[in-house]
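Trainee: next one to model:
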Amino acid sequence: MKHLTGLPLIILSFFLLWPAIWLYAEIQPVAPKTGAGQQPSVASGCLRCHTSIRLDANHQFACSRCHGGDAQATEQSSAHQGLIVRPSHPSFMQQTCGQCHPQRVQSANQSLHFTLKNKVNVIRHHFGAKVSLAQALEIPEQESPTTPLGLADDMLRRRCLRCHPYSNGDSYSAVTHGTGCASCHLPWQDGKMADHVFQRPKDRQCLSCHYSNHVGWDYYGRYEHDFNWEYRTPYTLKTNSYYPPRPYGLEYHDLAPDIHQQAGLICIDCHRQPGHEQKGAKLGCTTCHGWQPGIKPGLSNLLVVDSSLQLLGAKDGVKHTVPLLRHPAHQKYGKEVACQVCHGQWSFNDAPTHLLRTEEIDYDLWEWLSAQGSSAVEQLIDYNAYADEELPLTMPDGLTGSSRPGLWLKGYGQRRWEQLRIRRDQDGIIKVFRPILDLRLSMKDAEDEVVFDNVHGKGNGELPYTPHTTGHAGMLYLDRFQDLLVPAGEQAQ
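Mentor: Below is the predicted model of the structure:
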């Protein structure tokens with residue numbers, strides 16, 4: 001037999017060595033690449049499974065820098081040793097995001113989005129609390145509430161505070177989001193994280209919390225449907241095998257959106273640093289519309305062009321000319337009447353809001369009302385209504401994720417949007433009010449015994465509210481508040 005020499009031998013050697021070359025390449029770290037949109041220097045142990053990961057130009061470093069684990073490992077079990085699944089969660093923000101953004105993380109931790117102290121303290125004081133809390137995590141956990149305040153605390157932790165930076169939100173596709181920094185700065189689509197490209201918040205991130213008849217949804221002209229499936233449209237028969245898509249948990253009416261939204265402005269055009277602010281300058285309509293030549297604009301995205309004021313839109317970079325206050329009514333009533341009294345087109349007027357904590361439920365009655373803006377409630381009712389063996393009535397804590405006995409059910413005395421509630425506030429200003437605190441709390445124990453029945457707090461529950469439904473005032477604007485004006489003679493006394 002003739003021996004192989006020259007080119008044939010080289011070709012044969014290449015095919016014999018190819019498996020070893022391929023294996024060596026697979027277990028080596030990926031070489032760094034530069035340029036926008038290029039993949040970072042990340043060990044192949046991560047990329048082998050997470051092939052769709054895409055990072056922005058400012059985060060081109062190894063996954064383990066934020067997520068921990070072993071980036072050099074080739075087996076999942078060893079690669080995930082010490083893994084931090086949610087590195088931007090408030091529990092880890094300082095050691096992960098804080099490596100590069102210490103001041104941002106510090107200010108975010110103290111902001112209202114993270115402490116939630118305004119919402120928490122308003123409700124707790126309404127039900128008898130004497131001391132204010134610094135943050136939501138200080139709300140006492142209640143295994144079995146014995147006081148109205150304890151019942152309100154359990155409602156806050158398990159029914160109200162489900163969509164904020166401590167959790168991923170409900171499981172409906174449009175309201176699931178990241179935690180901590182990622183709740184605003186990472187994009188989610190159809191209930192899943194779309195990529196690792198950090199960006200300025202878009203309205204999609206804002207609406208993942210500000211939905212369901214809360215401020216933000218009104219900006220888009222959305223008003224939630226009633227809970228009973230026969231009063232929601234499009235009407236569909238409910239079966240075990242078919243559920244119509246409800247990205248926000250419930251269908252909604254399409255009402256008149258805010259005039260700023262129609263012009264193409266998004267939330268951060270006005271709320272410039274919503275996740276980081278603590279006690280910034282007070283923002284209002286006159287921040288833009290009350291500007292006068294020679295005065296420095298109150299927002300960084302406001303530009304003075306010749307003698308006019310323009311707002312640079314964050315969504316598309318379009319310059320919007322800001323109309324200034326010209327109508328004589330602004331001069332006459334501006335110090336006594338809030339802007340939305342004339343310019344608000346509609347407001348949320350759901351009242352009273354009934355909330356029942358129960359450990360016993362008649363599924364034949366509640367099956368029709370399982371969709372009520374909480375995926376935990378809906379899934380449990382729908383399962384137990386048809387299952388041979390029922391699941392226990394428990395509900396997770398929105399701040400810690402731990403489950404406790406008792407399911408919080410919700411309902412309304414009436415649901416309205418057509419009429420603005422207008423009256424004079426304690427500071428003397430005529431404002432729009434909303435029955436935000438018109439809450440009625442009840443509780444039944446496992447023996448179906450009533451522990452609390454229709455408990456409500458102080459007053460009528462109405463608080464000043466700024467509906468984000470701005471429109472033209474119209475010819476009859478004065479009819480909204482003229483009966484509340486103080487006669488000129490009485491003002492002088």
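Trainee: distance-wise, check the residue most central in space within the chain relative to A174.
Mentor: Nearest to the geometric centre of the chain sits C209, at 1.6 Å (CA atoms, centre = their mean). Per CB to CB, to the nearest Å, C209 is found 11 Å from A174. No exception for glycine: its C-beta is placed from N, CA and C like everyone else's.
Trainee: and what of V197?
Mentor: Remark: distance between V197 and A174 (CB to CB) = 19 Å.
Trainee: who has more neighbours out of those two?
Mentor: More crowded of V197 and A174, by other CB atoms under 10 Å: A174, with 20 against 15.
Trainee: OK, contacts around the more buried one?
Mentor: By CB atoms under 8 Å, 6 or more residues apart in numbering, the contact list for A174 reads R204, L207, S208, Y211, P247, Y248.
Trainee: what score does it have for pLDDT?
Mentor: A174 carries a pLDDT score of 94 in this model.
Trainee: and it, how far is that from C163?
Mentor: 11 Å.
Trainee: D427 now?
Mentor: The gap separating D427 from C163 is 31 Å, by CB to CB.
Trainee: so the two - more neighbours on which side?
Mentor: The residue with more neighbours, out of D427 and C163, is C163; 22 against 7, by other CB under 10 Å.
Trainee: confirm the more buried one sits in a helix?
Mentor: No. C163 is assigned coil when assessed by DSSP: H, G, I helix; E, B strand; the rest coil, not a helix.
Trainee: same question for stretch 452-465, mean pLDDT?
Mentor: Here the average pLDDT along stretch 452-465 is 94.
Trainee: what number of residues lie near H164?
Mentor: Other residues near H164 come to 20 when the count uses other CB under 10 Å.
Trainee: so D190 is in contact with S173, correct?
Mentor: Yes. Using CB atoms under 8 Å, D190 is in contact with S173, at 4.8 Å.
Trainee: which of the two has more neighbours?
Mentor: Higher neighbour count among D190 and S173: S173, with 16 against 10, using other CB under 10 Å.
Trainee: so which strand or helix has that one?
Mentor: Counting by DSSP states H and E, there is no helix or strand that carries S173.
Trainee: hmm, S208 and it touching each other?
Mentor: No. Judged on CB under 8 Å, S173 makes no contact with S208 at a distance of 10.0 Å.
Trainee: for L161, which non-adjacent residue is spatially closest?
Mentor: Excluding the flanking residues, the one nearest L161 by CB to CB, 6 or more residues apart in numbering is G398, at 4.2 Å.
Trainee: isn't that neighbour right next to S167, touching?
Mentor: Yes. At 5.4 Å, G398 and S167 qualify as touching, with contact defined as CB under 8 Å.
Trainee: ok now the helix or strand encompassing L149, how far from the chain's centre?
Mentor: Using DSSP H and E, L149 maps to helix 148-155. Taking CA atoms, centre = their mean, to the nearest Å, one finds helix 148-155 lying 23 Å from the centre of the chain it belongs to.
Trainee: next: stretch 319-339.
Mentor: Centroid separation for stretch 319-339 versus its chain: 31 Å, with CA atoms, centre = their mean.
Trainee: now do that stretch, average pLDDT.
Mentor: Averaging pLDDT along stretch 319-339 gives 96.
Trainee: can you pull the buried residues of that stretch?
Mentor: By 16 or more other CB atoms under 10 Å, the buried positions in stretch 319-339 come out as H320, V322, L325, H330, Y333, E336, V337, A338, C339.
Trainee: just the ones of the residues you listed in strands?
Mentor: Taking DSSP state E as the definition of strands, the buried residues of stretch 319-339 contribute H320.
Trainee: and the two most separated of the buried residues of stretch 319-339?
Mentor: Greatest spacing in these, by CB to CB: H320 and E336 (28.9 Å).
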